[in-house]
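Below: sequence and its predicted model.
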Amino acid sequence: MKEYCVGCHSDRARPGGLSLADFDVASSTEHPATAEKIIHKLRASMMRVGFEPTGGSPQEFATIIAEQLKRFAPLATSTGFTME
């Protein structure tokens, strides 16, 4: 998150009203609605990110977050968003 997202989604800039400065993928279950937004935007290729140099993709990153939510907070998702 810090490497790819916080450059834009900082506490100061907050595009879309969202700061990811303190968001941690490992504790994404504490903020499932935010995690779901991130998953949706990454899978829809709506975010400008530089994953290619690392060999990954935004979709792969979204899958990591989705798996974290499924594993630790299967009932925490209340927005109706499907993580599949």
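Structure received.

Please make it C-alpha for all contacts and neighbour counts, starting now.
Fine.

hey, where'd the helices end up in the chain?
With DSSP state H as the definition, the chain shows helices at residue ranges 32-43, 58-72.

Please identify the buried residues of the first one?
Going back to what we said before, that points to helix 32-43. Applying a neighbour-count criterion of 16 or more other CA atoms under 10 Å, one finds Pro32, Ala33, Thr34, Ala35, Glu36, Ile38, Ile39, His40, Lys41, Leu42, Arg43 buried in helix 32-43.

residues touching the residue nearest to the spatial centre of the chain, list them.
Per CA atoms, centre = their mean, the C-alpha nearest to the average position across the chain is that of Ile38, at 3.2 Å. Each residue near Ile38 by CA atoms under 8 Å, 6 or more residues apart in numbering is listed here: Ala62.

what about it, distance to Cys5?
With distances taken as CA to CA, to the nearest Å, Ile38 is found 10 Å from Cys5.

I'd like to know which elements the lowest-mean-pLDDT helix or strand in the chain is packed against.
Every helix and strand of the chain was ranked by mean pLDDT, DSSP states H and E. The lowest is helix 58-72, at a mean of 81. Identification of packing neighbours for helix 58-72 by 3 or more CA pairs under 8 Å, 6 or more residues apart in numbering; DSSP states H and E yields helix 32-43.
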